[in-house]
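K.L.:
return atomic coordinates for the entry below.
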Amino acid sequence: MGSAKSASGPENTAEIDGFEPVRQAVLAEALKMAAFEGWTGQMLASAGESVGIAPASIRAAFPGGVRDLLRYWSAETDRTMSAAMSGPEYEALKIREKVAFAIQARLDALRPHKEAARRAAALLALPPYGLLGARLAWSTADAVWRGLKDKSTDFNFYSKRGILTGVWTSVFARWLADETAEEAATKAFLDARIGNVMQIEKAKARMREIGLDPAKPIEWLAKLRYPASASAGNNHAREAKVDEALEETFPASDAPYWTP
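P.N.:
Below is the predicted model:
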């Protein structure tokens with residue numbers, strides 16, 4: 001918004017399974033049709049027929065049907081956004097400006113197909129497609145953080161992407177409804193949402209200053225269970241045991257093996 005058999009698996013499958021030209025041709029035609037017909041199996045079949053691609057090739061390129069077509073479009077838009085995040089003007093920006101730049105770049109890529117994007121959003125809001133929509137939004141947030149060269153692998157890996165997923169989906173929804181000149185309302189909304197994120201980061205920093213690590217919620221409970229009225233030595237020993245147990249269970253060096 002490919003596994004060896006689907007466009008929804010590893011990113012390099014589209015490059016090695018031989019169906020990339022089919023996907024590109026079908027997507028280009030589908031973006032014209034979806035604005036009027038919506039994202040349906042019939043629209044996918046019609047798009048393939050319109051560009052002269054056999055039904056068997058359509059099934060091979062998009063085995064999951066319109067779901068795989070939406071995955072492919074989302075991945076293509078993410079790649080366009082990532083490419084925009086490689087120029088010298090981007091490198092000179094501050095972190096919050098880089099995030100805004102990335103989100104704006106993705107909206108720029110979607111703009112020529114805004115009505116198709118609106119129809120896609122309506123479909124992904126339906127219960128049968130809700131998980132797919134969440135996965136695509138997460139992938140976009142992940143692409144932004146990778147473009148920022150984020151190397152986190154612990155709690156921060158998930159918190160950063162979770163927060164940015166919320167930013168992206170809210171800004172995307174505002175953009176779909178924006179009819180202001182040069183989308184000024186969306187830009188203001190984006191700035192405000194990034195401001196909210198910065199407030200969260202400041203709050204997390206203040207928590208660390210008073211000895212509460214946001215990545216260790218169980219430690220917070222431990223401090224409630226063993227209040228400061230206990231002797232400093234006993235308190236320290238108890239907290240050390242909590243930290244040791246946490247590190248054995250959730251080592252910070254563990255790579256995030258699962259992402260949506």
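K.L.:
give the buried residues for stretch 49-61.
P.N.:
Of the residues in stretch 49-61, I53, S57, I58, A61 count as buried by neighbour count, 16 or more other CB atoms under 10 Å. Heads up, the C-betas are built off the backbone N, CA and C, glycines and all.
K.L.:
for stretch 84-103, same thing?
P.N.:
A84, M85, Y90, K98, V99, A100, F101, A102, I103.
K.L.:
just give the closest residue to the first one, not the sequence neighbours.
P.N.:
Using CB to CB, 6 or more residues apart in numbering and skipping the chain neighbours, the partner closest in space to A84 is A105 (3.9 Å).
K.L.:
does the one you found lie in a helix or a strand, and which?
P.N.:
Using DSSP states H and E, A105 falls within helix 95-110.
K.L.:
CA atoms of that helix as PDB?
P.N.:
The C-alpha coordinates for helix 95-110 follow below in PDB (Å, rounded to 0.1, in the frame of the first residue of the first chain):
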ATOM      1  CA  ILE A  95      15.700  13.500  13.300                       C
ATOM      2  CA  ARG A  96      12.200  14.900  13.600                       C
ATOM      3  CA  GLU A  97      12.600  16.600  10.200                       C
ATOM      4  CA  LYS A  98      13.800  13.300   8.700                       C
ATOM      5  CA  VAL A  99      10.600  11.600   9.900                       C
ATOM      6  CA  ALA A 100       8.400  14.300   8.500                       C
ATOM      7  CA  PHE A 101      10.400  14.200   5.200                       C
ATOM      8  CA  ALA A 102       9.900  10.400   5.000                       C
ATOM      9  CA  ILE A 103       6.100  10.500   5.600                       C
ATOM     10  CA  GLN A 104       5.700  13.400   3.200                       C
ATOM     11  CA  ALA A 105       7.700  11.500   0.600                       C
ATOM     12  CA  ARG A 106       5.300   8.600   0.900                       C
ATOM     13  CA  LEU A 107       2.300  10.800   0.600                       C
ATOM     14  CA  ASP A 108       3.900  12.400  -2.500                       C
ATOM     15  CA  ALA A 109       4.200   8.900  -4.000                       C
ATOM     16  CA  LEU A 110       0.500   8.200  -3.300                       C
END
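K.L.:
pop the domain breakdown of the protein in here.
P.N.:
13-209, 217-249 (automatic domain parsing).
K.L.:
export those domains to CSV and tack on mean pLDDT?
P.N.:
Formatted as CSV, those follow (pLDDT from 0 to 100):
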stretch, mean pLDDT
domain 13-209, 92
domain 217-249, 50
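K.L.:
hmm, back to that, buried residues of the helix or strand that comes right after the helix holding A105, list them for me.
P.N.:
Once the chain leaves helix 95-110, the next helix or strand it forms, by DSSP H and E, is helix 114-124. Using 16+ other CB under 10 Å as the test for burial, helix 114-124 gives A116, A117, R118, R119, A120, L123, L124.
K.L.:
can you name every helix or strand that helix 114-124 contacts?
P.N.:
helix 20-37, helix 66-84, helix 130-147, helix 155-176 (3 or more CB pairs under 8 Å, 6 or more residues apart in numbering; DSSP states H and E).
K.L.:
looking at the ones you listed, which is nearest to A188?
P.N.:
helix 155-176 (9.3 Å; CB to CB).
K.L.:
now the angle between helix 95-110 and the closest one, please.
P.N.:
Inter-element angle recorded for helix 155-176 and helix 95-110: 50 degrees (by axes from the mean of the first three to the mean of the last three CA atoms, to 10 degrees).
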